[in-house]
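K.L.:
I'll drop the sequence and a predicted model, then ask my questions.
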Amino acid sequence: TQLLEQSPQFLSIQEGENLTVYCNSSSVFSSLQWYRQEPGEGPVLLVTVVTGGEVKKLKRLTFQFGDARKDSSLHITAAQPGDTGLYLCAGQGSSNTGKLIFGQGTTLQVKP
Amino acid sequence: GAVVSQHPSWVICKSGTSVKIECRSLDFQATTMFWYRQFPKQSLMLMATSNEGSKATYEQGVEKDKFLINHASLTLSTLTVTSAHPEDSSFYICSARTLAGNSNQPQHFGDGTRLSIL
């Protein structure tokens, strides 16, 4: 069974601080996706990483896929209150079912 | 692009009622749709995978007679919670995946349905 361990699960920081969220697994994923979810809404796709070692940037967000495609990180620079939300990583396994393996989620609160 | 519409967004009903939730892909064809359940401040739990024209595949522990899934077209899947009870109250989310071709196609999520059973 493929598992994704996401940490930390809760994070409360001040505006302007930097943070990193990690997703780790002992399994290899063909791709990994990061989502952000607001309360009462569905997750919104932020990025998909496919290649080992890949780095993608989305404004102040930097996503990295591990060389072995077993882990990923999300780094936010100079966090703002608008970044508050639930961040989810999800890995696509080796099967062709399209099923995603979700991490436990990171609830981020950025205080002004 | 890749918009998924889920309806209704919120439903409150009495115990014993059956509730149907619709999931539509508005601007693409989805051979596969997924149904998730989410508890407050927790991650998504996959309930079942729905493929157009075939029976849904349920995850372990999910009662297929309780949660009926129909995927009759490439743009519509429905989840019916039969004889709902208060413990079925939750946030239900669907997602849809575009036609295969690239196995790394992402899932696009609906906005969820808040189900409250009194």
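P.N.:
The structure has been received and is ready for your questions. Residues are numbered from 1 along each chain as shown, chains lettered A, B, ... in the order given.
K.L.:
near chain A, which residues of chain B?
P.N.:
Counting by Cβ under 8 Å from any Cβ of the partner chain, the positions of chain B adjacent to chain A are B:4, B:6, B:32, B:34, B:41-44, B:46, B:49, B:57, B:91, B:93, B:95, B:97, B:100, B:103-112, B:114. All C-beta spots, glycine's among them, are computed from the backbone N, C-alpha and C.
K.L.:
surely B:Gly112 meets A:Pro39?
P.N.:
No: using Cβ atoms under 8 Å, B:Gly112 is not in contact with A:Pro39, being 10.1 Å away.
K.L.:
pick out whichever of the two has more residues nearby.
P.N.:
Using other Cβ atoms under 10 Å in any protein chain shown, the more surrounded residue of B:Gly112 and A:Pro39 is B:Gly112, with 23 against 10.
K.L.:
burial measure for the closest residue to the more buried one other than its chain neighbours, as a count.
P.N.:
Nearest residue to B:Gly112, sequence neighbours excluded (Cβ to Cβ, 6 or more residues apart in numbering or on different chains): B:Ile93, at 4.4 Å. For B:Ile93, the count of nearby residues is 26 (other Cβ under 10 Å).
K.L.:
report the beta-bridge partners for B:Ile93.
P.N.:
Beta-bridge partners for B:Ile93, by DSSP bridges, are B:Tyr36.
K.L.:
find the closest residue to chain A in chain B.
P.N.:
Closest residue of chain B to chain A, Cβ to the nearest Cβ: B:Phe109 (3.7 Å).
K.L.:
now for the residue lying closest to B:Thr75 once chain neighbours are set aside: which residues touch it?
P.N.:
Nearest non-adjacent residue to B:Thr75, counting by Cβ to Cβ, 6+ apart: B:Ser25, 4.9 Å away. Counting by Cβ atoms under 8 Å, 6 or more residues apart in numbering or on different chains, B:Ser25 touches B:2-5, B:33, B:74-76, B:96, B:108.
K.L.:
look up which residues are beta-bridged to B:Ser25.
P.N.:
Per DSSP bridges, residues listed as beta-bridge partners of B:Ser25: B:Val4.
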